[in-house]
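1. For reference, the sequence and a predicted model appear below.
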Amino acid sequence: MRAGLALGLAVVGLLFGGCASESDDLAEQYRAGTGQNYISGDGALTVVAPDSRASAIEFQGPLDTGGVFASADYPGQVMVVNFWYAGCPPCRLEAPDLEALHQEFLDDGVVFVGVNIIDQAPTALAFAEEFGVTYSSIIDTNDGSVRLAFAGQVAPNAVPTTLVMDQQGRIAARISGLLTEPDVLAELIRDVQGEVAGP
C-alpha cells in the first residue's frame, strides 16, 4: 500500500455542497444541529511527493484547553492537523477514528491538533468530552489566522479537512472531507515518518 500511495500521486477535485455555517455560542448547540449547513469534501486524497512540497507553514492560535499552540514548538515532528467544528456531521463521525490514531502514534511523537473554524472553547470542549477526543484544538473562529496560513498551498477548502505535515513543517497529504479509511491516514503518517528529512 505504501508503494501505491507513493506512486499514485494525484490531486482529486473537491465536491462542494451546502453553505457556510453560523457560529455556535453555547456548548450544547452542536448536539441539536441538523447538520445541513456545511461545506464538505468527498474524501478526496491529495499526496505531495517530498520534492514537490511547498515551503514550511508556521501557524499558531489559542487552544480550547487554554494556552497557545505554536507549530514552531514541534520542530522535526510529524503533525496531523484536522479542521472541524462541532455542528459538522462528518466531524462527529470521524472524531473517534482520529482519536484512535492519536493514541496509536502518541508514543512516536506525532502531534495531533484540531483547528475549530466556527466554535468558541466551551463548544469545542463539550464536543471533545462527548467523543473522547484528548488532543486540543486551536480556536480559529475569531481571526481565521490558521486557515490563512494554509491558504495558497493545499488549502483546507472543506470541512472536515485533515492534513499530514512532514518533519520540516510542509504539507505532505490532505484528506478533504470525511475520513472514511483510518488505515489510509495511518499509512500516510507512517510514510512521512519514514522519510529522511532534507537539509
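-> On my side now, so go ahead.

2. Would you confirm that residue 74 contacts residue 112?
-> No. Applying CB atoms under 8 Å, one finds residue 74 not in contact with residue 112, separated by 10.9 Å. Where you see a C-beta, it was placed from the backbone N, CA and C, and this is true even at glycine.

3. Pick out whichever of these two has more residues nearby.
-> Under the criterion of other CB atoms under 10 Å, the comparison of residue 74 against residue 112 puts residue 112 first, with 23 against 17.

4. Wasn't the more buried one part of a helix?
-> No. Assessed with DSSP: H, G, I helix; E, B strand; the rest coil, residue 112 is strand; it does not lie in a helix.

5. wait, isn't it in contact with residue 82?
-> Yes. Contact status for residue 112 versus residue 82: in contact at 7.4 Å, counting by CB under 8 Å.

6. Any regions of this structure where pLDDT drops low?
-> By pLDDT under 70, the weakly predicted segments of the chain are 1-43, 153-157, 197-199.

7. how about the strands of it, start to end?
-> If DSSP state E is used as the criterion, the strands of the chain fall at 44-47, 60-62, 68-70, 79-84, 111-116, 137-139, 161-165, 171-176.

8. closest one to residue 54 among those?
-> Residue 54 sits nearest to strand 171-176 of all the strands of the chain, at 6.9 Å, using CB to CB.

9. So in that sheet, which strands flank the closest one, and in what orientation?
-> strand 44-47 (antiparallel), strand 161-165 (antiparallel) (DSSP bridges).

10. what comes into contact with stretch 127-138?
-> 30-31, 59-65, 69, 84, 86, 92, 95-96, 98-99, 102-103, 112-116, 119, 124, 146 (CB atoms under 8 Å, 6 or more residues apart in numbering).

11. do you know how far the spatially closest residue to residue 114 that is not a sequence neighbour is from residue 168?
-> Distances taken as CB to CB, 6 or more residues apart in numbering place residue 137 nearest to residue 114, at 3.2 Å, with adjacent residues excluded. Separation of residue 137 from residue 168 (CB to CB, to the nearest Å): 24 Å.

12. more crowded one of the two?
-> residue 137 (29 against 16).

13. could you list every residue that touches the residue nearest the centre of the chain?
-> When CA atoms, centre = their mean is applied to the chain, the residue found nearest the centroid is residue 82 (1.4 Å). Counting by CB under 8 Å, 6+ apart, residue 82 touches 98, 112-115, 160-163.
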